[in-house]
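Visitor: below: sequence and its predicted model.
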Amino acid sequence: MKILLKNGTTAETNFEKQDGSQAFWLTSAHVLAHAVKKLYPETKCAAVLVSEHGFSYDFDFPFSFSAEHLHTVEEEMQQLIKKSLSVQVYELEKETARSYLESRNEDYQLELLQDTAAGETAVFYKQGDYAQLCDEAQLTNICQIKAFRLLSIAGAYWKGSEQGKMLTRIYGISFPKASMLEDYLRMQEEAKLRDHRKLGKELGIFTLSEEGPGFPFFLPNGMVLKNLLLNDWRTMHIQEGYQEISTPVMLERHLWEISGHWEHYRENMYLSQADGIEYAVKPMSCPGAMLIYKQSPRSYRSLPMRLAELGLVHRLEKSGQLHGLMRVREFTQDDAHIFMTPAQMSDEIRNVISLTDRMYKKFGFAYHVELSTQPENSIGSTKEWELAQNALRNAIESMGIPYSVNEGDGAFYGPKLDFHLKDSIGRTWQCGTIQLDFQLPQRFHAGYTGADGQTHRPVMIHRAIYGSVERFIGILIEHYAGKFPMWLSPVQIKLLSVSDSCLPYIQEITESLQTAGFRVHTDTRNEKLGYKIREARMDRVPFILIAGEKEAAKRTVCLRRRDAEADEPNETISFCELVKYLNHELLQSQSY
């Protein structure tokens, strides 16, 4: 696949590579804009967005555009693609570019032109009679787009600001093969069935309220699930030599100025005042961990120091970006900060990678790793960044783990290794991260006494494995389609009565299972057994136990598995063997 670079040269790539898919979807977005302008010439083109999930384009239509119009736009796009229009790139003097955009009444493009970096020229890409202000690579010919689909529309503020005009955003996807689009659409249908917002409500895990947008409420089943994750996290971290801490949710502004968050992250922070002092609600826990490190003199003999925190953090996300548990304003971050000597960097990075690997395997996740390097708005010297990047690179390579490089996407204080999980239907989710930081120890004047008796500066690792615990729960709901493995199921067993005469036996079974540590719900309602079984199946409980007069007399129970076929017979298990049987199933559910 050939792409056209902004300097007019071409390069070979493929759709599976990031530069290939980005160019593919950017060109597709421009074909969308071209079609819209041909159909509705008075429409103004605003902004293109390309992500790992496809493309979108924001338009200012002179009428009320609705989803019913998408088919018409698709047909026009198909006619353009059939013309096999080649793509050209050229530069215009800024003044000429301004006049050109004014003549086409493209107010939003004019504003984007004014926002571009200082220079004498502006870059345009053109196909046929449509030209778009753009300086990123595109396909050399739009005929390479073999299959596409416009997916949906939504409202979007200009430049993401609620003070801006509300525009119409059209979402789309495209591929170089028709079969890839078919696979994608099948996956989308499966994803709808797994939507964590729908399942989370049905399974009593969480709810959302208009009184607290972006602030999820966890229901009883959700708290069981969340606590299972947190308890497992604590156990593994104790085994790895971490010490758990807790730092305040709100700290003074000057602390965030020292850390650099005030300059680089303030627009995402909640602010408050008390006694004439300005405070910020923490969007992350690292400054608090730094204060704990500094509260006592440290020696090289006490390093590495591994401080772990399940920190409640708040981030001021735009309302239009909120999405169930996946994008919230309040969440628990399974943060940890490791303070170490430079000589300990390699071992500590490898230890974190190993711990991350073990935790993900508990859920059956495959993953890939991405090394993100120095961004434009970084702090610290180039030498320090190169040292940090090489340390991460050498550690991951020494473990034989493949990785890709994401240039310029590191944190402002250091490079990072990001872990992208692959779920059961092939989607990827960025969760874990390992960030190597030389900057915060310098800014906070953190030190330790070395073997030479001199004061030295520690190196710091910021890392998370779940990332956002709330988001991780959302991913798990969709990964398992609500059918959690037995060890993770909020309710492991549903015990159903056949009639009131067996209730004493039902109570005996319940007490036995609860004493053995199982999470059991009973259904003793005066309803038909078939109705109770259907409800239990809808609740996605791993095991359904049924007992009536016959079972009470024989001291047995009928067992039905969650995924048993409707005509599949139940298993019969004796009361005295039941706990042993279920314990075996519990152990099996934890093995991947």
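Guide: In hand now; what should we look at?
Visitor: now do the contacts for the closest residue to residue 410 other than its chain neighbours.
Guide: Distances taken as CB to CB, 6 or more residues apart in numbering put residue 372 closest to residue 410, at 4.5 Å, once the chain neighbours are dropped. C-betas here are computed from N, CA, C, even on glycine. Contact analysis of residue 372 by CB atoms under 8 Å, 6 or more residues apart in numbering lists 405-406, 408-411, 415-418.
Visitor: tell me the pLDDT of residue 372.
Guide: Reported pLDDT at residue 372 in the predicted model: 92.
Visitor: what's the answer for residue 320, then?
Guide: Here the pLDDT value assigned to residue 320 is 76.
Visitor: could you number the chain from 27 rather than 1 from now on?
Guide: Sure thing, new numbering starts at 27, so read that last one as residue 346.
Visitor: quick one: the helices in the stretch 327-476 of the chain, in order.
Guide: Secondary structure of the stretch 327-476 of the chain (DSSP state H, counting those that start in this stretch): helices at 371-387, 408-424, 465-469.
Visitor: dump these to TSV, plus mean pLDDT.
Guide: Output for these, formatted as TSV (pLDDT from 0 to 100):
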stretch	mean pLDDT
helix 371-387	95
helix 408-424	92
helix 465-469	92
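Visitor: of those helices, which is nearest residue 118?
Guide: Nearest to residue 118, of all the helices of the stretch 327-476 of the chain, is helix 408-424, at 34.3 Å by CB to CB.
Visitor: ok and the closest one relative to helix 371-387, angle-wise?
Guide: 50 degrees (axes from the mean of the first three to the mean of the last three CA atoms, to 10 degrees).
Visitor: show me the contacts of residue 398 that map onto strands.
Guide: Residues from these lying in strands, with DSSP state E as the criterion: 431-432, 442-444.
Visitor: and the buried ones among the residues you listed, selectable in PyMOL?
Guide: Of the ones in strands among the contacts of residue 398, the buried ones can be selected in PyMOL as follows, counting by 16 or more other CB atoms under 10 Å:
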select buried, resi 442+443+444
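Visitor: one step back: how far away is the residue nearest to residue 436 from residue 452?
Guide: 23 Å (CB to CB, to the nearest Å).
Visitor: how about residue 417?
Guide: According to CB to CB, residue 417 stands 32 Å off from residue 452.
Visitor: neighbour count for the two, which is higher?
Guide: Each of residue 417 and residue 452 has its neighbours counted (other CB atoms under 10 Å); residue 417 has more, 20 against 11.
Visitor: hang on, the more buried one packs against residue 462?
Guide: Yes. Using CB atoms under 8 Å, residue 417 is in contact with residue 462, at 5.9 Å.
Visitor: list residues touching both of those two?
Guide: 371, 375.
Visitor: save the helices of the stretch 327-476 of the chain as JSON lines, and put in distance to residue 506 too.
Guide: Converted to JSON lines, these look like this (distance: least, CB to CB, whole Å):
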{"stretch": "helix 371-387", "distance to residue 506": "14"}
{"stretch": "helix 408-424", "distance to residue 506": "29"}
{"stretch": "helix 465-469", "distance to residue 506": "37"}
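Visitor: most packed of those helices?
Guide: Highest mean neighbour count of the helices of the stretch 327-476 of the chain: helix 465-469, a mean of 20 (counted as mean count of other CB atoms under 10 Å).
Visitor: run through who's touching that one.
Guide: If you take CB under 8 Å, 6+ apart as the criterion, helix 465-469 is touched by 284-286, 312-313, 316, 365, 405-406, 410, 439-440, 472-473, 483-486.
Visitor: what subset of these is buried?
Guide: Neighbour counting with 16+ other CB under 10 Å marks 285-286, 312-313, 316, 365, 405-406, 410, 439-440, 472-473, 484-486 as buried within the contacts of helix 465-469.
Visitor: from the residues you listed, which land in strands?
Guide: Using DSSP E, the members of the buried ones among the contacts of helix 465-469 that fall within strands are 365, 485-486.
Visitor: which stretches of the stretch 427-576 of the chain form strands?
Guide: Here the stretch 427-576 of the chain has its strands, by DSSP state E, counting those that start in this stretch, at 429-432, 442-448, 454-463, 474-475, 481-482, 485-494, 519-523, 546-549, 569-573.
Visitor: distance between the first one and the chain's centre?
Guide: Meaning strand 429-432. In terms of CA atoms, centre = their mean, to the nearest Å, the centre of strand 429-432 is set 18 Å apart from its chain centre.
Visitor: same question for the last one.
Guide: Here strand 569-573 shows a centroid-to-chain-centroid distance of 37 Å under the convention CA atoms, centre = their mean.
Visitor: residues making contact with it?
Guide: Strand 569-573 has contacts (CB under 8 Å, 6+ apart) with 512, 518-524, 528, 531-532, 535, 555, 559, 562-563, 583-588, 596, 604, 608, 611.
Visitor: ok, now the second one?
Guide: In this structure, residues lying in contact with strand 442-448 by CB under 8 Å, 6+ apart are 375, 379, 382, 386, 391-398, 418, 422, 429, 432, 436, 454-462, 491, 501.
Visitor: just the buried ones from those?
Guide: Buried members of those, scored by 16+ other CB under 10 Å, are 375, 379, 382, 386, 391, 393, 395-398, 418, 422, 429, 436, 455, 457-462, 491, 501.
Visitor: so what's residue 345 closest to, chain neighbours aside?
Guide: Nearest residue to residue 345, sequence neighbours excluded (CB to CB, 6+ apart): residue 239, at 6.1 Å.
Visitor: show me the contacts for that neighbour.
Guide: Contacts for residue 239 (CB under 8 Å, 6+ apart) come out as 345, 348, 355.
Visitor: what is the neighbour count of the first one?
Guide: Around residue 345 there are 10 other residues, counting by other CB under 10 Å.
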